[in-house]
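Peer 1: Fold the following for me, if possible:
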Amino acid sequence: MVASQIKRIILSLSGLKRKNREPQQEPSKEYSYLPNKQIKRLEKILGYTFKNKDLLVQSLTHPSFLLHTKDRLQNNQRLEFLGDSVIQLALTEALYEKFEDEREGKLTSARSSYARGDYMAKIARQLNLGEFLRLKPKDRDAGIGEQDGSLGDAFEALLGAVYLDSDYTTARDLTLKLYDNLDTDPEAEGIISNPKGKLQELIQPIHGNDAIRYDTTGEFGEPHNREFEITVFCNDKAIGVGIGRTKKEAAEKAAIQAITEWTPET
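Peer 2: Take a look at the predicted model:
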C-alpha cells in the first residue's frame with residue numbers, strides 16, 4: 001500500500017507543469033527520440049513491453065543530452081533515484097530468503113556488492129544498454145555511453161521506469177531475472193563491496209591506522225560530465241589510481257587497484 005501511494009505521488013509530481021522558465025534551446029530533432037525499431041529490440045532483450053514508451057525513452061536519456069534545453073529535467077536522473085530503491089528492495093528480499101542462516105552484516109555486504117555501480121554496469125553491458133542511450137554525437141564519440149557511471153545510472157533508471165509502468169512485483173521479478181537470480185557472486189568476479197575498508201584491513205596490521213591517504217590528483221571534462229582522479233598512498237607511496245564521476249567512485253577504484261596489486265612489501 002505504501003509503495004502504491006509513493007508511486008501515485010511520483011506520477012503526480014512528474015506531471016506538474018514547470019512555470020516561468022526562461023526560453024531554452026530545443027534538442028536536435030534528429031536525436032530527440034528513439035526509433036520504434038530500437039524500442040522493440042530493447043523490449044525484446046528485457047522481456048518486458050512498456051505501455052508508456054515515454055518512460056523507457058526517459059530512462060535512457062543521459063543528463064547531457066538535454067542540457068540547456070527546456071526539457072532538461074526529463075533526463076534519467078529522477079528515474080535513477082527511484083530505480084535505486086526498487087533494486088535495493090528486490091535484492092534485500094531475495095537475499096533474505098536465499099540465505100536464511102546469515103547474519104545482517106553478511107546480507108548487507110552481499111547486497112552492497114550487487115548494488116555497486118560497476119556490477120550494474122556489467123549487467124547493462126550484457127544488455128547492450130549503451131547502444132540505446134540518448135546521447136549527443138560528440139558525447140557518444142567521447143565514450144560516455146560506455147562509462148560505468150552512465151551504464152549503471154541507466155540500468156537503475158530502466159528499473160525505475162518499469163516500476164512506474166507496471167508495479168513493484170513486475171519490477172522485482174525483472175530485476176532478479178537480470179541479476180540471474182543472484183547465482184553469480186560479485187566477489188568471484190572481483191567486485192568488492194567495500195574496497196576502501198578491504199584495503200585498510202590489508203594495510204593496517206603492517207603499517208598502522210594512519211598509513212593510507214587519498215588525494216585528488218586530477219579533474220577532467222566539462223561541468224556536466226566531470227571526472228575525478230584519486231590516488232591512494234601508503235606512507236606517501238602511490239599504490240593505486242582511480243578515475244570516476246565522483247570522488248567516492250574514484251577513491252573506490254583506486255582502492256581496488258591497490259588491492260589487486262597488493263603485496264606485504266608494498
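
Peer 1: Tell me the buried residues in stretch 226-240?
Peer 2: Neighbour counts over stretch 226-240 (16 or more other Cβ atoms under 10 Å) mark 227-234, 239-240 as buried. Placement of C-beta: from N, CA and C, glycine included.

Peer 1: same question, stretch 81-91
Peer 2: The neighbour-count criterion (16+ other Cβ under 10 Å) identifies 82-84, 86-88, 90-91 as the buried residues of stretch 81-91.

Peer 1: what does stretch 132-144 give?
Peer 2: Of the residues in stretch 132-144, those buried under the neighbour-count criterion (16+ other Cβ under 10 Å) are 132-136, 139-140, 142, 144.

Peer 1: that older thread, show me the two of the buried residues of stretch 226-240 that sit farthest apart.
Peer 2: Maximum pairwise distance among the buried residues of stretch 226-240 (Cβ to Cβ): 23.9 Å, between Glu227 and Cys234.

Peer 1: Could you check the pLDDT of the residue nearest the centre of the chain?
Peer 2: For the chain, the residue lying nearest the average C-alpha position, counting by Cα atoms, centre = their mean, turns out to be Gly152 (2.7 Å). Per-residue confidence at Gly152 stands at 94 (pLDDT).

Peer 1: Over to Asn194?
Peer 2: Per-residue confidence (pLDDT) for Asn194: 82.

Peer 1: Touching, it and Ser109? I think so.
Peer 2: Yes: here Asn194 lies in contact with Ser109, judged by Cβ atoms under 8 Å, at a distance of 7.3 Å.

Peer 1: For the stretch 1-150 of the chain, which segments are assigned as helices?
Peer 2: Counting by DSSP state H, counting those that start in this stretch, the stretch 1-150 of the chain has helices at residues 2-14, 36-46, 53-59, 77-98, 104-114, 117-126, 137-141, 148-165.

Peer 1: now for the longest one, which elements pack on it?
Peer 2: Contact partners of helix 77-98 among helices and strands, from 3 or more Cβ pairs under 8 Å, 6 or more residues apart in numbering; DSSP states H and E: helix 53-59, helix 104-114, helix 148-165, helix 168-178.

Peer 1: give me that answer again for 7 Å
Peer 2: For helix 77-98, the packing partners by 3 or more Cβ pairs under 7 Å, 6 or more residues apart in numbering; DSSP states H and E come out as helix 104-114, helix 148-165, helix 168-178.

Peer 1: Mind checking the pLDDT average for the first one?
Peer 2: For helix 104-114, mean pLDDT is 89.

Peer 1: which outside residues touch it?
Peer 2: Helix 104-114 is contacted by residues 91-92, 95-96, 99, 119, 179, 182, 186-187, 191, 193-194 when judged by Cβ atoms under 7 Å, 6 or more residues apart in numbering.

Peer 1: Could you list the low-pLDDT ranges of this structure?
Peer 2: Low-confidence segments of the chain, defined by pLDDT under 70: 1-32, 67-73, 188-190, 224, 264-266.

Peer 1: one more time with 50
Peer 2: 15-32 (pLDDT under 50).

Peer 1: before we move on, back to that, would you list the helices of the stretch 1-150 of the chain in TSV and tack on distance to Gly244?
Peer 2: Putting the helices of the stretch 1-150 of the chain into TSV (distance: least, Cβ to Cβ, whole Å) gives the following:
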stretch	distance to Gly244
helix 2-14	28
helix 36-46	27
helix 53-59	22
helix 77-98	16
helix 104-114	17
helix 117-126	9
helix 137-141	17
helix 148-165	7
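
Peer 1: can you give me the strands for the stretch 151-266 of the chain?
Peer 2: Using DSSP state E, counting those that start in this stretch, the strands of the stretch 151-266 of the chain run over 212-220, 227-234, 237-244.

Peer 1: and of those, who's closest to Asn75?
Peer 2: Proximity to Asn75, assessed across those by Cβ to Cβ, is greatest for strand 227-234 (18.4 Å).

Peer 1: And the closest one, how far out from the chain middle?
Peer 2: Averaged C-alpha coordinates place strand 227-234 at 21 Å from its chain's average position (Cα atoms, centre = their mean, to the nearest Å).
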